[in-house]
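Asker: Give the three-dimensional model of this entry:
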Amino acid sequence: GGVTWAAWRPYGPTMILSSDADAGFLMAGKSSGSVNFGAGPVSGAGYLAAFDDQGTVRWAEHLPARGQIEIFDVAAAPGLIVVGGRCSSSANFADAGTSLPDGPCVARLDGAGAVQWSKGWVGTGAVSRVAVSWAGAVAIAGSISGAFNLGTGALTDRGGGDFFFGLLDATGTTVMARRG
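Answerer: Numbering: from 1, shown residues only. Alright, predicted model coming up:
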């Protein structure tokens, strides 16, 4: 029950804190300006950082490369990290990445924080929960209103604040989508 380590980081609110598959922790949040967790400065409005179980930073990355991305959840499997949230129009997770539409979005990264792929869908809502299997498949869930399609066909609007659930394969292709 004792505290192993603690650190104060004056960089703005931390939005997400999660364990990772490499016996460490992931932290995603917003910052104002440049932040430095001990591995050099990370500039921009948001970040994703990985720490070992002793609190030493393994790496830290600025998210997004362009536009605005609000991260609402992060999950990990061995060598994989998934983040989900809401993207503004023309946002992307990687410098050379495809611009994403205004709406729910998700990205899969390798264990070192490099973006492997990202997906976004037009809609009023966000990906609020993510999970990743050891084989690399990604599950997403969130809230949505109005017209919405995860790539498997239109999901009927049930009125008001609906939820959605989807499964993406290891390449980011939607294999199943439901709305309730």
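
Asker: Please tell me how far the closest residue to residue 94 other than its chain neighbours sits from residue 70.
Answerer: Leaving aside its chain neighbours, residue 94 sits nearest to residue 115 (3.9 Å; criterion: C-beta to C-beta, 6 or more residues apart in numbering). For every residue, glycine as well, the C-beta is placed using N, CA and C. Per C-beta to C-beta, to the nearest Å, residue 115 is found 17 Å from residue 70.

Asker: Tell me which of these two has more neighbours.
Answerer: Between residue 115 and residue 70, counted using other C-beta atoms under 10 Å, the more crowded position is residue 115 (21 against 18).

Asker: just checking, next helix/strand downstream of the helix or strand of the chain with the lowest mean pLDDT?
Answerer: Sorting the helices and strands of the chain by mean pLDDT, DSSP states H and E puts strand 14-19 at the bottom, at a mean of 69. Towards the C-terminus, the helix or strand next in line after strand 14-19, according to DSSP states H and E, is strand 24-30.

Asker: if we can go back for a sec, I'd say the residue nearest to residue 94 and residue 106 touch.
Answerer: No. Under the criterion of C-beta atoms under 8 Å, residue 115 makes no contact with residue 106, lying 11.2 Å away.
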